[in-house]
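coordinates only, no sequence provided:
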């Protein structure tokens, strides 16, 4: 019953399933109920149960095979018992290579404390009253400047709405637009689960090495969720021609694009943005090393831009932001107010001061160098020890993708679990309704391990990889 | 389009309606659409629109009469135009006597900054990673001690779940228990709106001078929302026999009681709790001046207790807490994790330190004295200038109820709006489906005005009251 501290995802359900396997209540070979059925029984979103299953597959407790469903892995219960010595799947993996989490040890405590003190001393009295559903004006002003400067976003403070992270913003939008979404065929199951919980069954759009195939968005779609700067998790930037096609779809159909700019700050190959990002759409069919600004700049009336402090600072802050088309502001503000989805006023004031003082820029620069070093380490080690495996998605973010020989992904994930590694395969991120070919692969996060654990994590990863 | 900073409630809808009246687009005498119809058109909760209407009635823009619906008030548009001098209903009332908001000028900036600095310096690294859906262990430990000491709640840290305020907790519970709620016939429309948005049409339970008539909860109800310590907004404490009846209902039907302890700290007539609050249930049919501990103590398996820092500190903190029956912990934790309803980690750590250091107790004591002085002022002034009106609900909280002669409430509300007063009548808080008699009254909040504005607010209130 005692959940580990690091985890909205390591939920009570996963924990309960683990306990059931460990105690023998779920015997090896037992077939699990379809997740739709279990979800209905528990009153949970379908994808929430799918996530829990996927997590236990990743950890080696369950096995999943096309056509035979999810089963309890053979032999894990005995091996996991305390008396059995080194079990195949430790309760808490020793090495965390899950994607998407910044290094918690690098949180800028000192500069943040300074900003917090200044913000608290300088706050107007009304800051301690009920919050504005759009967020504090101080933060909205600071974000408007920061986003236009670093991401090419075209906005003023009046179109910014503070939220408590991307998922929070997505949930809000799902409540306002309850039908006809399209999503990238690969994405975060947690986000798919949010749409699912809102009763939305999105149409998955295929993803290739140039990003989502935005020319294939169905005409009946009303809302398109994209990760243009850094497709999640495959790692490519959306090709300019694909960007233009997305905007063209929105204009011709009256649709809305939801831009998830989750880690736009962490690019290693080029500047995140140049002074005229909105010209990008004109350079069609080019794979030059263009800057990767926000898609929003192409059409601020058709794109709602979402960013977050969860990658650049810490997920525990629960701070994100939306840049909302002027025509949608009233609707979004009203929904936010009625929904009581406000974020901490004091953290908002602190982040405003943190940005204004330049501390945010300094922190992002420092972390970009730190993550780039990690990425270089990982890529060099793979080139030396696993040259037969292709690496992709290296140009940005906090994770890479390691391509695997067809059909080997489940074995490699199990092997990684035996090495005490927590990480996911590409199939974990594939939308359940996606069609078309699936490439086997590993999504390897490199942001989380501390320096002292990093080389051990690399060694374990190498042991888990398939031989040439 | 520019929303005032203090307000999740003064929403875009209310603003748009005000503008429409002011500009003449909605002419005096125009009948507004039924709120169900407008809610459907706008995709909002029914009660959200009802709230906006009620707010404009309270401000004098609209009139509402039994049987003739809501209409635009005659003459307000011209009077509100800038050239018309002192309009009858200023855009922003000069005196805020709305209930429920603590004094924003009294936020303990210094002690809070000290706690924040200590919390940030002492936080373990994992505090900057993804949050535990149940909240930080430091805060849950601090709350367990505080709640058992001051409110008689029976819990350990393991049954506490941090949320971002009462409304947030209520929304979570509504998602888990989507049917068959009973609520007090008088309550906060915002809370009714949350249930409404979740598709729940609760059964209203009558309220009299001993609190909710818990003996009349329908057997088919599964969940009962109560304000036992201080019925909102009528202000009485739930009689011990009624407490016992509520628990008996829950035990005999397998139902759950949701206890909203929104301002349990601010009692002026007796101690909030004594050492054996769970014995209260035995002293039936007594109106002795018993301490008013948490109902939860009577049956921790049947009552989910919710508290908040929104009244004791500031609503902008977005911090509340739930004490969850052991049998529900897994379900609540899972829903919370999947819903990404986490609160700021840093604020949680700060509040933990604030409680641990004794600063929270000191602040509550200070505010209790401050509010008690305000209440005494208000009651004395009413006794002198309006002795013909009965005052009730004076023993606790941040507001009183002023009883009005039958049928006069709408006129008094309009008169108050002309005096620049923002406040609500009792009918604003009546559940739309409530049956039975309605007593006219004013709910007068006294926590918000600054000292310099207080006597002006009292003068304006006296001018708005009906003559004997």
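Sure thing, it's come through. Values in this document were obtained by computation on a predicted structure and should not be read as measured data.

quick one: the strands in the stretch 151-300 of chain A?
Assigned by DSSP state E, counting those that start in this stretch, the strands in the stretch 151-300 of chain A fall at A:160-163, A:181-184, A:203-205, A:207-208, A:211-212, A:223-226, A:256-260.

Provide the strand pairings for the second one, with the direction of each partner.
So the one you mean is strand A:181-184. Sheet pairing here is set by DSSP bridges, and for strand A:181-184 it gives strand A:203-205 (parallel), strand A:223-226 (parallel).

just for the stretch 51-200 of chain A, where's the confidence low?
Scanning the stretch 51-200 of chain A for pLDDT under 70 picks out A:58-60, A:65-68, A:75-92.

enumerate the residues of it near chain B.
Residues of the stretch 51-200 of chain A lying close to chain B by CB under 8 Å from any CB of the partner chain are A:101, A:104-105, A:107, A:109, A:112-113, A:116-117, A:120-121, A:123, A:125-134, A:137, A:158, A:164-165, A:167-168, A:171, A:176, A:190, A:193-194, A:197. Any C-beta I mention is one placed from the backbone N, CA and C, and that applies to glycine too.

any idea whether the nearest residue to residue A:156 once chain neighbours are set aside is helix, strand or coil?
Distances taken as CB to CB, 6 or more residues apart in numbering or on different chains place residue A:144 nearest to residue A:156, at 5.4 Å, with adjacent residues excluded. Going by DSSP: H, G, I helix; E, B strand; the rest coil, the secondary structure assigned to residue A:144 is helix.

run a quick neighbour tally on residue A:144.
When counting by other CB atoms under 10 Å in any protein chain shown, one arrives at 20 neighbours for residue A:144.

just to revisit the earlier point, in ChimeraX, how would I select just the buried ones from the residues of the stretch 51-200 of chain A next to chain B?
Here is the ChimeraX command that selects the buried residues among these (16 or more other CB atoms under 10 Å in any protein chain shown):
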select /A:101,104,107,112,113,116,117,120,123,126,127,128,129,130,131,132,133,134,137,164,165,167,168,171,176,190,193,194,197
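
deepest of the strands paired with strand A:181-184, which one?
Of the strands paired with strand A:181-184, the one with the most neighbours on average (mean count of other CB atoms under 10 Å in any protein chain shown) is strand A:223-226, at a mean of 26.

that one: how far from the chain's middle?
Chain-centre distance of strand A:223-226: 15 Å, with CA atoms, centre = their mean, to the nearest Å.

can you check stretch A:151-167 too?
In terms of CA atoms, centre = their mean, the centre of stretch A:151-167 is found 18 Å from the chain centre.

could you do stretch A:301-313 as well?
Worked out by CA atoms, centre = their mean, stretch A:301-313 lies 11 Å from the chain centre.

got the contact list for residue A:303?
By CB atoms under 8 Å, 6 or more residues apart in numbering or on different chains, the contact list for residue A:303 reads A:247, A:250, A:256, A:257, A:258, A:259, A:294, A:295, A:296, A:325.

would you list the phi and psi of it?
phi -120, psi 130 (degrees, to the nearest 10).

same question for the one 4 residues further on.
Main-chain dihedrals, residue A:307, degrees, to the nearest 10: phi -130, psi 170.

distance check, it against chain B.
Using CB to the nearest CB, to the nearest Å, residue A:307 is found at 16 Å from chain B.

residue contacts, that residue?
A:147, A:151, A:166, A:261, A:262, A:264, A:320, A:321.

cool, and residue A:106?
Neighbour list for residue A:106: A:366, A:367, A:370 [criterion: CB under 8 Å, 6+ apart].

now the buried members of those residues.
So, of these, A:367, A:370 end up buried under the neighbour-count rule (16+ other CB under 10 Å).

in contact with the closest residue to residue A:35 other than its chain neighbours, which residues?
Nearest residue to residue A:35, sequence neighbours excluded (CB to CB, 6+ apart): residue A:49, at 4.0 Å. Residues near residue A:49 by CB under 8 Å, 6+ apart: A:13, A:35, A:36, A:38, A:39, A:42.

which of these are buried?
The neighbour count (16+ other CB under 10 Å) marks A:13, A:35, A:38, A:39, A:42 as buried among those.

can you list the residues you listed in JSON lines and add secondary structure?
Shown next, in JSON lines, are the buried ones among the contacts of residue A:49 (three-state DSSP):
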{"residue": "A:13", "secondary structure": "helix"}
{"residue": "A:35", "secondary structure": "helix"}
{"residue": "A:38", "secondary structure": "helix"}
{"residue": "A:39", "secondary structure": "helix"}
{"residue": "A:42", "secondary structure": "helix"}
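
reformat the strands paired with strand A:181-184 as CSV; add mean pLDDT and distance to residue B:209.
Listed next are these as CSV, based on pLDDT from 0 to 100; distance: least, CB to CB, whole Å:
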stretch, mean pLDDT, distance to residue B:209
strand A:203-205, 97, 58
strand A:223-226, 98, 52
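
can you redo the ones you listed as CSV with distance to residue A:466?
Below are those laid out as CSV (distance: least, CB to CB, whole Å):
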stretch, distance to residue A:466
strand A:203-205, 28
strand A:223-226, 33
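
now residue A:356: how far from residue A:114?
Applying CB to CB, to the nearest Å, the value for residue A:356 to residue A:114 is 12 Å.

so for stretch A:362-369, what gets flagged as buried?
Within stretch A:362-369, judged by 16+ other CB under 10 Å, the buried ones are A:363, A:364, A:367, A:368.

model confidence over it, on average?
Averaging pLDDT along stretch A:362-369 yields 94.

which residues of the stretch 301-450 of chain A lie near chain B?
Residues of the stretch 301-450 of chain A lying near chain B by CB under 8 Å from any CB: A:314-319, A:329-331, A:333-335, A:337-340, A:342-347, A:448.

only the buried members of these: can you turn that into a ChimeraX selection?
Those of those that count as buried under 16+ other CB under 10 Å are selected in ChimeraX with:
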select /A:314,315,316,317,318,319,329,330,331,333,334,335,337,338,339,340,342,343,344,345,346,347,448
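
just the residues of the stretch 301-450 of chain A next to chain B: which are in helices?
Mapping those onto helices (DSSP state H) picks out A:329, A:330, A:331, A:333, A:334, A:335, A:337, A:338, A:339, A:345, A:346, A:347.

least trustworthy position among these, going by pLDDT?
Minimum pLDDT for those is recorded at residue A:339 (60).

nearest to chain B, of the contacts of residue A:307?
Nearest to chain B among the contacts of residue A:307: residue A:166, at 9.1 Å, using CB to the nearest CB.

thought that closest one was touching residue A:320?
Yes. At 5.5 Å, residue A:166 counts as touching residue A:320 under the criterion of CB atoms under 8 Å.

list residues touching both of those two?
Taking CB under 8 Å, 6+ apart as the contact rule, residue A:166 and residue A:320 both touch A:306, A:307, A:308, A:310.

neighbour-wise, which of those leads?
Tallying neighbours with other CB under 10 Å puts residue A:307 at the head of those, with 31 neighbours.

which strand residues bridge that one?
Beta-bridge partners, per DSSP bridges, of residue A:307: residue A:321.
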